[in-house]
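Asks: from the sequence below, what's the structure:
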Amino acid sequence: MKNFILLLLLASFFTACKSTSPIITSKKGEKREKSSRSENRRTDKVADHLIDLAADNIGVRYKYGGTTRSGFDCSGLMYTVFNAENIVLPRNSYEQSKIGVVLNQKREQAQKGDLIFFKTDNSKIINHVGIITEVSEDEIKFIHSSTSKGVIISSTKQAYYRNALVQINRVL
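Replies: As a prediction, the model looks like this:
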């Protein structure tokens, strides 16, 4: 009987110690747990898929409030693209800038799939967003919907975007 109770206690101990991957919802300044290689590969695949979805819309016209291929605004494009991966973002760029981990002081850590935010036309608040597609030492390329050209790829080498860049967020 004692052996049976001991066996039962050991079985419950081992099943109670099951390891799971933590969900990381850190805020600016908080330490994050390191991700495993498989989590990094999954994140890279999701980022690639999001970029592919955004790129499929290159050439689609700008439409204020638009969330379809008949026209996108910048936040509508991000809302639609991320929603395809069941990642729910708020509908406007200012609210989207509050999601994820802010990498403001760590722009060198920016990577594909991160959201990039701007204050354009002397705005006091964030009013434009894109998804990063490529990062190099002196440039960040991103897909967004511009009011003049619709969905395009732009670069922080362009003075307009370099001067308006205010924030990068990691959502994945």
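
Asks: what's in contact with the top helix by length along the chain?
Replies: Across the chain, the helix with the greatest residue count (assigned by DSSP state H) is helix 37-55. Outside helix 37-55, the residues that touch it by CB atoms under 8 Å, 6 or more residues apart in numbering are 21, 35, 77, 81-82, 84-85, 111-113, 131, 133, 143, 151, 153, 172. Where C-beta positions appear, they are placed from N, C-alpha and C, glycine not excepted.

Asks: please repeat the previous calculation with a cut-off of 10 Å.
Replies: For helix 37-55, the surrounding residues in contact (CB atoms under 10 Å, 6 or more residues apart in numbering) are 21-22, 24, 34-36, 72, 77-78, 80-85, 87, 111-114, 130-134, 142-145, 151, 153, 170-172.

Asks: ditto for stretch 151-161
Replies: Contacts for stretch 151-161 (CB under 10 Å, 6+ apart): 54-62, 69, 71-72, 74, 77, 107, 110, 116, 118, 120-121, 128, 130, 132-136, 138-146, 162-165.

Asks: could I get the CA-only coordinates of it as CSV?
Replies: Provided in CSV are the C-alpha atoms of stretch 151-161 (Å, rounded to 0.1, in the frame of the first residue of the first chain):
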residue,chain,number,x,y,z
VAL,A,151,0.7,50.4,-50.8
ILE,A,152,4.5,50.7,-51.4
ILE,A,153,7.9,49.9,-50.0
SER,A,154,9.8,52.8,-48.5
SER,A,155,13.0,53.4,-46.6
THR,A,156,14.3,55.3,-43.7
LYS,A,157,17.0,56.6,-46.0
GLN,A,158,14.3,58.9,-47.4
ALA,A,159,14.5,62.1,-45.5
TYR,A,160,10.7,62.3,-45.1
TYR,A,161,10.5,59.0,-43.2
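
Asks: ok so, going back, name only those of the contacts of stretch 151-161 that count as buried.
Replies: Among these, the ones that count as buried by 16 or more other CB atoms under 10 Å are 54, 57, 60, 62, 71-72, 74, 77, 110, 116, 118, 120, 128, 130, 132-133, 135, 140-146, 164-165.

Asks: among the contacts of stretch 151-161, which lie within helices?
Replies: Short answer: these in helices (DSSP H) are A54, A55, C74, L77, R162, N163, A164.
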